[in-house]
Each structure stands twice: as C-alpha cells, then as structure tokens.
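Asks: output the structure for:
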Amino acid sequence: GSRAGKMEMHSAGKPYVEAENCIGCGNCIRVCAHDAPKITDRKASIDHDKCVGCGRCIGVCPKDAVCPPNDESNDILNKKIAEYSLAVVKGRPHFHISLVIDVSPNCDCHSENDIPIVPDVGMFASFDPVALDRACADAVNRQPVMAGSQLDDMPHTHHDHFINSAPETNWKVCLEHAEKIGLGTQEYELVEI
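Replies: Numbers count the residues shown, from 1 in each chain. As a prediction, the model looks like this:
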C-alpha cells in the first residue's frame with residue numbers, strides 16, 4: 001500500500017509524547033524494554049519502529065506527557081478482550097464472580113492509583129459474563145462520585161463514570177462485541193440477595 005497507509009497501520013496502538021508537558025526526566029527510557037523513547041533537547045519522543053505498544057511509558061510519566069494513541073486501538077483492544085474471553089470459556093462450564101469494590105481510576109497495573117472513584121457496591125455473580133459485566137457497570141454508574149477522587153476532578157461530560165474517567169476508551173464496545181460473537185447477553189435481571 002501507500003506509505004501513508006503503512007505508517008497509519010504501524011502507529012496503531014502506539015503512544016506519543018506531548019512535548020510541552022515533557023520534563024525530560026527519562027522515566028520512559030528506563031521502563032522501555034525496546035529502546036523506543038529517546039530524549040533530545042530535554043524532550044522525549046518515541047520511535048514507532050521500535051515501540052511494541054505495551055504502554056508502560058504512559059504509566060510512569062509523572063506529567064502525563066506520554067499519551068495513548070487517538071485511534072481505533074482501544075476499540076480493537078476491547079474487542080480482543082471479548083474474543084479471548086470467549087476462547088477461554090467456550091465449550092466449558094463457567095461461572096463468574098465480580099467484586100465491585102475499590103473501583104480505581106486507572107488499571108490495576110498503575111502504581112499511582114488514587115482513591116476509589118465511587119463507593120463500594122458489593123459482589124455480583126452470574127453464569128453469563130456479559131450480563132455480569134453490564135450489571136456491574138450499570139451499578140457503578142448509579143453510584144455517586146467520591147469527593148476528592150480523580151473522577152471528581154474530571155469534567156463530567158457523559159452520564160458514565162467510566163467514560164468520564166477515561167474519555168479515550170469506550171467500555172461498551174467490548175460488551176457489544178461480546179454479545180455479537182455469542183459470549184453472552186447484555187440483558188439481565190438483577191436479583192438482590
């Protein structure tokens with residue numbers, strides 16, 4: 001294909017640096033296993049030919065200068081999560097339990113996670129992992145925002161705590177895809193025990 005096409009495909013899922021926020025601390029260089037970030041004139045940049053898109057540099061940047069890509073990669077990731085989940089459970093008996101407690105603003109891999117964004121909700125269980133995820137997400141969205149949390153500081157442009165917390169990703173893509181490929185259904189009846 002054309003060079004533009006190849007470049008676009010190549011950069012899918014790879015972070016970039018907003019130079020005005022970068023302080024040249026080198027945390028991204030220390031955490032990268034592929035020697036992709038480099039610092040020139042006290043500003044980092046990421047070589048997309050070396051970058052594998054793991055995102056560790058995003059997590060260690062103290063100034064949020066390293067940004068996730070603004071492309072379709074989060075939607076692709078969400079769909080892959082559904083596909084891998086189906087691969088694990090297909091043809092096997094399965095039962096799912098989710099604890100909706102300590103709902104952190106970032107993924108669990110982030111060591112700098114702040115206080116929870118909503119109060120604890122409790123335990124949910126289902127034979128249908130899609131219905132379970134939907135019920136958990138809906139329950140979180142019915143909760144008040146915790147005062148002083150990272151979510152409390154974000155602009156509330158959506159009626160959705162998750163999208164307000166992480167505007168670059170849409171959790172519903174995963175559940176819609178999961179439903180389409182036969183992992184389960186988003187329809188559920190909540191039975192309180």
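
Asks: next structured bit after the helix or strand bottoming out on mean pLDDT in the chain?
Replies: None of the helices or strands of the chain scores lower by mean pLDDT, DSSP states H and E than helix 3-11, at a mean of 42. Counting by DSSP states H and E, the next helix or strand C-terminal to helix 3-11 is strand 16-17.

Asks: how about the helices in this structure?
Replies: Here the chain has its helices, by DSSP state H, at 3-11, 27-31, 56-60, 73-89, 129-141, 150-153, 161-165, 172-180.

Asks: among those, which comes closest to His110?
Replies: Smallest distance to His110 across the helices of the chain (C-beta to C-beta): 5.3 Å, for helix 56-60. All C-beta spots, glycine's among them, are computed from the backbone N, C-alpha and C.

Asks: coming back round to it: quick check: which of the helices of the chain is nearest to Ser45?
Replies: helix 27-31 (9.7 Å).

Asks: and that closest one, what's buried?
Replies: Neighbour-count burial for helix 27-31 flags Asn27, Cys28, Ile29 (criterion: 16 or more other C-beta atoms under 10 Å).

Asks: in this structure, where is pLDDT below threshold?
Replies: Applying pLDDT under 70 to the chain flags residues 1-12.

Asks: can you list the domains in it?
Replies: Using automatic domain parsing, the domains assigned to the chain come out as 3-67, 73-180.

Asks: now distance to Gln186 too, for the ones you listed, in JSON lines please.
Replies: Formatted as JSON lines, the domains of the chain follow (distance: least, C-beta to C-beta, whole Å):
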{"stretch": "domain 3-67", "distance to Gln186": "26"}
{"stretch": "domain 73-180", "distance to Gln186": "4"}
